[in-house]
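Chemist: Give the three-dimensional model of this entry:
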Amino acid sequence: MGQAKLKQRAAFAPALVNEWEAEDGVNFAVALARVTGWLLHVDWWVPSLDPDNNVALEDCKPLRVYVADNGTRIFDVRGNRSLGDFIHRTIRPMAVRHGMGGVRTRYYAESALATLPLRYAPDPPKISMAVKAIEANTAYLASIPKRPEPCIPAAEAAEYTFGRCAAFAEALREAAGLDPVALLAIRFEQGAEGTERGSDGYVHSFVLHPDGMGEDSWGKADVREIAQRFGIVEFRLGREAHSRVVNNLQRNSPELYDAAFIKAKELIQTYRQQ
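Modeler: The predicted structure follows:
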């Protein structure tokens, strides 16, 4: 079947899409996050082009609430989309209406949405209706990959994607006896060259299973899939590099490391089958 026909079958009725978009996608996004377990995001217009400018959220404008995976796929009212397509066709036209400024993406747990300065608060009856529409659209759901097991709540899994991944890997080592390694980038795909990394190419820590699969806060996956999340197409794994990262964290920010390690152990104990 052609791609155009697949998209047509996966599409929602235009009236539903218009209704969801009129409220910035919030009710659809909450419903989809509940059905799939993937991560809620909000894109904000920020009155600054400086990414390091700490702008108060009250001074920002919400553009869109949506769901994304742990990489670069966007699950929106208009389908399963690439990040580039979503930015170019949806977010950028919204942002320019507010004038000169930038766009910042933030992820949230569902419970946090009610505390944000969104234009529309989540509406429980509308969310329930959206859940029914999503579950009835089997073609749309089939286009969204299932989260790998074990499924830690997405917002908490995301906390351990950057910065705290080494603590999570150490917690997995203690809980399951698995070997932590560092993901060291050699070459990135075009457009991902700006991914933050150490001088040795360090990007991420996870553990290795005896079968060669990796596991981090997002569950068990092929090591190449883990690398692809960061736009890495060529890499090597290093045990010593991971140990250096852990040692640096314990020396430079011991309280933060200990808190991340303790929380990781709690998440693993709660959500991971031993």
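Chemist: C-alpha only now, for contacts and for neighbours.
Modeler: Will do.
Chemist: Against residue 130, how distant is the nearest residue to residue 70 once chain neighbours are set aside?
Modeler: In space, and not counting its chain neighbours, residue 70 is closest to residue 229: 6.7 Å by C-alpha to C-alpha, 6 or more residues apart in numbering. Separation of residue 229 from residue 130 (C-alpha to C-alpha, to the nearest Å): 29 Å.
Chemist: the more surrounded of these two?
Modeler: residue 130 (20 against 15; other C-alpha atoms under 10 Å).
Chemist: how close does the more buried one sit to residue 13?
Modeler: Taking C-alpha to C-alpha, one finds residue 130 at 12 Å from residue 13.
Chemist: what does residue 37 give?
Modeler: Per C-alpha to C-alpha, residue 37 is found 23 Å from residue 13.
Chemist: cool, and residue 170?
Modeler: From residue 170 to residue 13 the distance is 47 Å (C-alpha to C-alpha).
Chemist: And residue 123, by the same measure?
Modeler: Between residue 123 and residue 13 the distance is 20 Å, computed by C-alpha to C-alpha.
Chemist: For these two, indicate the residue with more neighbours.
Modeler: Between residue 123 and residue 13, counted using other C-alpha under 10 Å, the more crowded position is residue 123 (12 against 9).
Chemist: for the more buried one, phi and psi?
Modeler: Dihedral pair for residue 123: phi -110, psi 110, per degrees, to the nearest 10.
Chemist: for residue 49, same thing?
Modeler: Residue 49 adopts backbone torsions of phi -100, psi 0, taken as degrees, to the nearest 10.
Chemist: Quick check: it touching residue 99?
Modeler: No. At 11.2 Å, residue 49 does not count as touching residue 99 under the criterion of C-alpha atoms under 8 Å.
Chemist: what's the pLDDT at residue 14?
Modeler: Each residue has a pLDDT score; the one for residue 14 is 93.
Chemist: same question, the one 5 residues further on
Modeler: On pLDDT, residue 19 comes in at 96.
Chemist: Following the chain onward from the helix or strand where it lies, which element is next?
Modeler: If you go by DSSP states H and E, residue 19 is part of helix 14-22. Using DSSP H and E, the helix or strand that follows helix 14-22 towards the C-terminus is helix 26-36.
Chemist: in the chain, which helix has the most residues?
Modeler: helix 254-271 (DSSP state H).
Chemist: what does the helix holding residue 19 contact?
Modeler: Helix 14-22 is contacted by residues 26-28, 77-78 when judged by C-alpha atoms under 8 Å, 6 or more residues apart in numbering.
Chemist: Dump the residues you listed to CSV, plus distance to residue 160.
Modeler: Output for the contacts of helix 14-22, formatted as CSV (distance: C-alpha to C-alpha, whole Å):
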residue, distance to residue 160
26, 25
27, 26
28, 26
77, 27
78, 29
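Chemist: buried subset of these?
Modeler: Listed as buried from these are 26-28, 77-78; burial here means 16 or more other C-alpha atoms under 10 Å.
Chemist: With respect to residue 113, which of the residues you listed is nearest?
Modeler: residue 26 (8.9 Å; C-alpha to C-alpha).
Chemist: Which of the helices or strands spans the closest residue in space to residue 205 that isn't next to it in sequence?
Modeler: Nearest non-adjacent residue to residue 205, counting by C-alpha to C-alpha, 6+ apart: residue 182, 4.5 Å away. Secondary structure assigned from DSSP H and E places residue 182 in strand 179-188.
Chemist: so what strands line up beside that strand?
Modeler: Partner strands for strand 179-188, per DSSP bridges, with pairing direction: strand 202-208 (antiparallel), strand 232-238 (antiparallel).
Chemist: Using a markdown table, lay out the ones you listed together with distance to residue 146.
Modeler: A markdown table is the format used below for these (distance: least, C-alpha to C-alpha, whole Å):
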| stretch | distance to residue 146 |
| --- | --- |
| strand 202-208 | 20 |
| strand 232-238 | 22 |
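Chemist: Give me the secondary structure label for the spatially most central residue of the chain.
Modeler: Geometric centre of the chain, nearest residue: residue 70, 3.8 Å, by C-alpha atoms, centre = their mean. Following DSSP: H, G, I helix; E, B strand; the rest coil, the label given to residue 70 is coil.
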